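**Q** have a look at this prediction, sequence included:
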Amino acid sequence: MLSVEQRRNRRTLLMTSLMLVIALGLSACGQVGALAMNAFETSEFRVDGQRLYLSGTINSKTLRQFEEIYAANPDITTLVELDVPGSVDDDTMIALGYRVRELGLNTHLTTTSEIHSGGVDLFLAGVRRTIEPGAVLGVHSWSDGSREAKDFPRSAAEHEMNRAYIEAMLGRDDFYWFTIYAAPADDIHIMTSSEIADFELSTP
């Protein structure tokens, strides 16, 4: 098992790499960075009873990992996110989120959980969503490499995949619009308890 310091160092490295890929977006360097982070498994799963614990960055291999683990452990009821700095493959992250909701799983954050960007989006997939005091949720905009999400008109097709996902998970899309203005793609906004409550990210 990794020590607290090792987990912190790993999270810092993954978050730095992820932010660099997001900031570079669709540039040649960004494509190389994304390919590199999709070349191997960056998500770690661990089963404990009816809980499935997730750590690491969500990439193109994460959904396959999840399906294999769930198939072997069909009694899982709750996905617990620990350190999830985000996603380098939004298509996979969204597909995983829809799958979590389809299976009727709950999501949970512990007092030491720290989730950012796509990690927050995945958390929304839970039928029941619970957050222990101390958990950190960070959000920011997306970028195509030259423009931020807020630079596109609200009616632009570029918003639709992420907007529709948020609406499907929460029954409304205002949280999506909040995230794209909360911080630029190369930065992060740590949500306050009031913001978490306002957007009903946790359930009663």
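**A** Great, that's in hand.
**Q** ok, now which ones touch Ala168?
**A** Tyr98, Arg101 (CB atoms under 8 Å, 6 or more residues apart in numbering). Any C-beta I mention is one placed from the backbone N, CA and C, and that applies to glycine too.
**Q** and the helices in the protein, which stretches?
**A** 4-24, 28-37, 62-72, 90-102, 118-123, 160-170, 174-182, 193-198 (DSSP state H).
**Q** for Met191, what are its contacts?
**A** Met191 touches Leu137, Gly138, Val139, Ala182, Leu201, counting by CB under 8 Å, 6+ apart.
**Q** what's the answer for Ala164, then?
**A** Asp173.
**Q** list the contacts of the lengthiest strand in the chain.
**A** Looking across the chain with DSSP state E, the single longest strand is strand 106-116. With CB under 8 Å, 6+ apart as the test, strand 106-116 has contacts from 11, 15, 18, 51, 77-86, 100, 122-140, 188.
**Q** still on that earlier bit, Throw the contacts of Met191 into TSV and include neighbour count, distance to Ile115 and pLDDT, thanks.
**A** Output for the contacts of Met191, formatted as TSV (neighbours: other CB atoms under 10 Å; distance: CB to CB, whole Å; pLDDT from 0 to 100):
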residue	neighbour count	distance to Ile115	pLDDT
Leu137	25	6	98
Gly138	21	7	98
Val139	25	10	98
Ala182	18	15	97
Leu201	21	11	98
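**Q** so for Phe40, what's the pLDDT?
**A** pLDDT for Phe40: 72.
**Q** do the same with Leu18
**A** pLDDT at Leu18 comes out at 52.
**Q** low pLDDT regions in the protein?
**A** Residue ranges of the chain with pLDDT under 70: 1-39.
**Q** and with 50 instead?
**A** The model of the chain has pLDDT under 50 over residues 1-17, 20-32.
**Q** tell me, what residue is most central in it?
**A** Gly119 (1.7 Å; CA atoms, centre = their mean).
**Q** which residues touch the closest residue to that residue other than its chain neighbours?
**A** Spatially, and ignoring its direct neighbours in sequence, Gly119 is nearest to Val84 (3.2 Å; CB to CB, 6 or more residues apart in numbering). The contact partners of Val84, by CB under 8 Å, 6+ apart, come to Leu54, Ser55, Gly56, Thr57, Ile58, Ser113, Glu114, Ile115, His116, Gly118, Gly119, Leu122.
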